[in-house]
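> sharing a model that was predicted from the sequence below.
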Amino acid sequence: MAQHFDVIIMGGGLVGLTLGIGLSRHGVTCAVIDPADPASTLAPQFDGRVSAISSASWKQFQAIGIADRLEGKGCPIDRIWVSDGLQPGALDFAPPEEEGGPMGIMFENRETRLALRDASLAAEHLTLFQPDKAVHVERSLDGVSVTLASGAELRGSLLVGAEGRASPTREAAGITVAKWNYSHVAMVSAITHEVPHANTAYEIFYPGGPFALLPMQPGNRSAVVWTAPKEQAAGLLALGERGWAHEAQKRIGGFLGEIEVAAARSSYPLGYHRAARITDTRLALVGDAAHAIHPIAGQGVNLGFRDVAALIEVIVEGMRLGLEPGDAQLLARYQRWRSLDTLSVTIAMDGLVRLFDVPGKTVSAVRRFGLAAVQKMGPLKNRFMAEARGESGALPRLLTGELV
């Protein structure tokens, strides 16, 4: 006997589960299918990554009932410091107190996954199929049918691809992707340091790649996302903890005092891709299935949460008018809404990577002049801060903290 849902979501990562929870909060029935065993993905040593949840994404978490499960487990970002190496002329993003609230909150991905798992299990209109995977998927003008490895048969109006960069749902739909790989590797770890970070995120750009320090609790601990050329990364990762910390300290410049490695080190390759379109017959793509960017400004997962907020609004408003979630009119609206935002953000992030990767004193001087100019120009600086908060453009209601 087939089980019927309004929406079937392929992928139960941060973006896929947020979409399912948000739809359920609005009374939309949905299934989330994911092959990963929760016992592995929720283990403390799974990947050690962290994510900066922008203030707009946090408002969405508050609206759909996720934020309460994360209270006290993250570190607010009250300030972002951007510099070209350790040279003068930095850009200091520190919004005025009257604006209220931090620019974002840093969470370990494991904590976010735990909160999403708990919220999804408590969601009234959400069914998790995990670990499980689709062995047959069929989309037609009439609807969607999915057969799982467990033998379960699902029927729905809309299929959502949320499986990440290598989305099999996107590939099966024949959607072309513009993509390239960077000659960089991201090394991820955490350090403790003598001088408190004061809730400040540091993005220090070097020709070999940016070096990011992201504040964590308590105040003398920061996550490190160190981007290095592929040919150097292997040697750096082969160093012992003291050697690696010594090399990291060269890039920090000592402004946090003595440092020590405080977490396991891991690495992953970096690349860019953007799907030519994010919809097809009875299909929508969200998150990394639709677009993936360099982690240079921590916008990747927040871009996915913006997809979620827009798709929820489109579906909920459409269903109130008597339309199915997979109606072509609704998918066209979602495509239009997200296209410009994702294009502008992905191209801007790629441009930043390439701009700061150019070596030379003259180029560095020009970059520092540009940073100093933005620092002095209030309206332009405020625009950059709005982008960092995820509060620019035509925002879906969930990103303002309101239900649809």
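Right, received. Where do you want to start?

> report the central residue of this protein.
The chain has residue 301 as the residue nearest its centroid, 0.9 Å off, counting by C-alpha atoms, centre = their mean.

> shaky segments in the stretch 301-404 of the chain?
By pLDDT under 70, the weakly predicted segments of the stretch 301-404 of the chain are 344, 346-393.

> can you give me the helices for it?
Using DSSP state H, counting those that start in this stretch, the helices of the stretch 301-404 of the chain run over 328-356, 361-376, 378-389.

> still on that earlier bit, show me the contacts for the residue nearest to the centre of the chain.
Residue 301 is in contact with 14, 15, 51, 53, 57, 287, counting by C-beta atoms under 8 Å, 6 or more residues apart in numbering. The way it works is simple: take the backbone N, C-alpha and C, and place the C-beta from them, glycine included.

> out of those residues, which are inside strands?
Mapping those onto strands (DSSP state E) picks out 51, 53.

> and the least confident of the contacts of residue 301?
Between the contacts of residue 301, the one the model trusts least by pLDDT is residue 51, at 89.

> tell me where this protein has helices.
For the chain, the helices defined by DSSP state H occupy 14-25, 38-41, 55-64, 109-122, 168-172, 230-238, 241-252, 300-320, 328-356, 361-376, 378-389.

> out of those helices, which is the most enclosed?
For the helices of the chain, the largest average neighbour count (mean count of other C-beta atoms under 10 Å) is found in helix 14-25, namely a mean of 28.

> restricting to C-alpha, output that one in CSV.
Only the C-alpha atoms of helix 14-25 are listed here, as CSV (Å, rounded to 0.1, in the frame of the first residue of the first chain):
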residue,chain,number,x,y,z
LEU,A,14,20.8,20.5,7.2
VAL,A,15,18.8,21.9,4.3
GLY,A,16,16.6,18.9,3.6
LEU,A,17,15.4,18.5,7.2
THR,A,18,14.9,22.2,7.6
LEU,A,19,12.6,22.1,4.6
GLY,A,20,10.7,19.2,5.9
ILE,A,21,10.2,20.7,9.4
GLY,A,22,9.2,24.0,7.9
LEU,A,23,6.6,22.4,5.6
SER,A,24,5.2,20.3,8.4
ARG,A,25,4.9,23.5,10.6
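
> so where's the stretch 151-300 of the chain shaky on pLDDT?
Applying pLDDT under 70 to the stretch 151-300 of the chain flags the ranges 296-298.

> returning to that earlier point: could the contacts of residue 301 go into JSON lines alongside distance to residue 155?
Putting these into JSON lines (distance: C-beta to C-beta, whole Å) gives the following:
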{"residue": "14", "distance to residue 155": "27"}
{"residue": "15", "distance to residue 155": "23"}
{"residue": "51", "distance to residue 155": "34"}
{"residue": "53", "distance to residue 155": "34"}
{"residue": "57", "distance to residue 155": "31"}
{"residue": "287", "distance to residue 155": "24"}
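
> quick check: the farthest pair among the contacts of residue 301?
The distance between the two most remote of those (C-beta to C-beta) is 14.0 Å, for 53 and 287.

> buried set for stretch 26-38?
Buried residues in stretch 26-38, counted by 16 or more other C-beta atoms under 10 Å: 26, 28, 29, 30, 31, 32, 33, 34, 35, 36.

> let me see the contact set for the first one.
With C-beta under 8 Å, 6+ apart as the criterion, the residues that contact residue 26 are 312, 316, 403, 404.

> I'd say the second one and residue 404 touch.
Yes - in this structure, residue 316 is within contact of residue 404 by C-beta atoms under 8 Å, at 4.4 Å.

> dump the helices of the chain into JSON lines; add distance to residue 259 as well.
Compiled in JSON lines, the helices of the chain are given as follows (distance: least, C-beta to C-beta, whole Å):
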{"stretch": "helix 14-25", "distance to residue 259": "29"}
{"stretch": "helix 38-41", "distance to residue 259": "29"}
{"stretch": "helix 55-64", "distance to residue 259": "29"}
{"stretch": "helix 109-122", "distance to residue 259": "22"}
{"stretch": "helix 168-172", "distance to residue 259": "41"}
{"stretch": "helix 230-238", "distance to residue 259": "15"}
{"stretch": "helix 241-252", "distance to residue 259": "6"}
{"stretch": "helix 300-320", "distance to residue 259": "26"}
{"stretch": "helix 328-356", "distance to residue 259": "23"}
{"stretch": "helix 361-376", "distance to residue 259": "25"}
{"stretch": "helix 378-389", "distance to residue 259": "26"}
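
> just to revisit the earlier point, check the buried residues of stretch 26-38 and tell me the two furthest apart.
Between any two of these, the greatest separation by C-beta to C-beta is 26.9 Å, found for 26 and 35.

> how many neighbours does residue 404 have?
17 (other C-beta atoms under 10 Å).

> what sits against it?
26, 312, 313, 316, 317, 396, 397, 398 are the contacts of residue 404 under C-beta under 8 Å, 6+ apart.
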